[in-house]
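**Q** Here is my input; please provide its structure:
(one chain, ligands or ions: 1)
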Amino acid sequence: MLVYQNDVFKFQSSNLKAFNLAEQKFTIHEFKLQDLNRVMDINLECLPENYSSYFYKNLHRKYPKTFLVAKVNGQIQGYMMCRIERGFSKIRKFSPIKLCHVVSIAVRKSHRRMGIATGILKQAMTNAADIYGATECYLEVRISNFSAIKLYEKLDFENVKRNRGYYLDGEDAFVMAVTL
Ligand code: COA
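**A** Residues are numbered from 1 along each chain as shown. From the prediction side, this is the model:
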């Protein structure tokens, strides 16, 4: 299990009772199938892009190390899931590489601005590089999604492209990418 605290992850193999829970902000775990309903609820609450249960299960089956949840006091409050793709670098055009594509990330309103999204993104990017061999991470974000754009900029993502009419309601997306 990974505990995110003071901007570092500490790997702990013993059980939770061994920790000082009072000092923990949140913990990061790999998604398990039993988490599916909770994650789907958070997605419905936070984002207009929603998916079938098959979609979640398929991403989990293929890329379990980049499907993460964050728990506060044992309750999931945020998640993120990715797809590992072969394709061209978004940053250095025409270089064929393995990319980590962030498909969805959300944190419940009640638990925002405590570093959860930063924590799960950093951990998923580490896993994407170390376990799947990805050398770049990218995502699409609504051009109006100020808070998410700020989050990605803070993690050194750069705005590489604008996809016109990317979303079903017609809004444009920025494609943002970072080298891992
Ligand atoms: N306003 C301005 N900056 C914000 C922000 C906001 N409302 N929320 C996050 N940020 C920026 C800040 O720079 C913040 O650092 P700081 O708190 O030290 O200032 C940084 O992002 C990290 O924030 P963090 O606490 O890690 O993010 P979070 O756990 O609150 O989650 C989102 C951020 C975007 C995932 C969350 O707001 C969310 O779930 N939104 C709805 C779903 C969504 O838009 N997902 C992204 C789709 S591309």
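**Q** drop to CA atoms for contacts and neighbour counts, all remaining ones
**A** Will do.
**Q** Now the most centrally placed residue in the chain. Nearest residue, chain neighbours left out?
**A** The residue at the geometric middle of the chain, judged as the C-alpha nearest the mean C-alpha position with CA atoms, centre = their mean, is Met80 (3.4 Å). Setting aside the residues directly before and after it, Met80 is nearest to Ile105 in space (CA to CA, 6 or more residues apart in numbering), at 4.1 Å.
**Q** and that neighbour, which of the three is it?
**A** strand (DSSP: H, G, I helix; E, B strand; the rest coil).
**Q** Quick one: name whatever helix or strand follows the longest helix along the chain.
**A** Among all segments of the chain classified by DSSP state H, the helix with the greatest residue count is helix 116-130. For helix 116-130, the succeeding helix or strand toward the C-terminus, using DSSP states H and E, is strand 136-142.
**Q** now the angle from the helix or strand just after that following strand to strand 136-142?
**A** The helix or strand immediately downstream of strand 136-142 is helix 146-154, counting by DSSP H and E. Between helix 146-154 and strand 136-142, the angle comes out at 160 degrees (axes from the mean of the first three to the mean of the last three CA atoms, to 10 degrees).
**Q** averaged over its residues, what pLDDT does helix 146-154 have?
**A** The predicted model assigns helix 146-154 a mean pLDDT of 98.
**Q** Just the element for Arg38, please.
**A** Taking DSSP H and E as the definition, one finds Arg38 inside helix 36-46.
**Q** thinking again about what came up before, buried residues in the longest helix of the chain?
**A** Of the residues in helix 116-130, those with enough neighbours to count as buried (16 or more other CA atoms under 10 Å) are 116-129.
**Q** Which ones, among those, also lie beside the ligand?
**A** The residues of those that also fall near the ligand, by CA under 6 Å from any ligand atom, are 116-118.
**Q** Nearest to His29 among those residues?
**A** Distance from His29 was checked for each of these by CA to CA. The minimum falls on Ile116, at 12.0 Å.
**Q** Could you tell me what pLDDT the model assigned to the residue nearest to Ala70 when sequence neighbours are not counted?
**A** Residue nearest to Ala70 in three dimensions, not counting chain neighbours: Ile28, with 4.5 Å by CA to CA, 6+ apart. We note a pLDDT of 98 for Ile28 in this prediction.
**Q** Perfect, that will be all.
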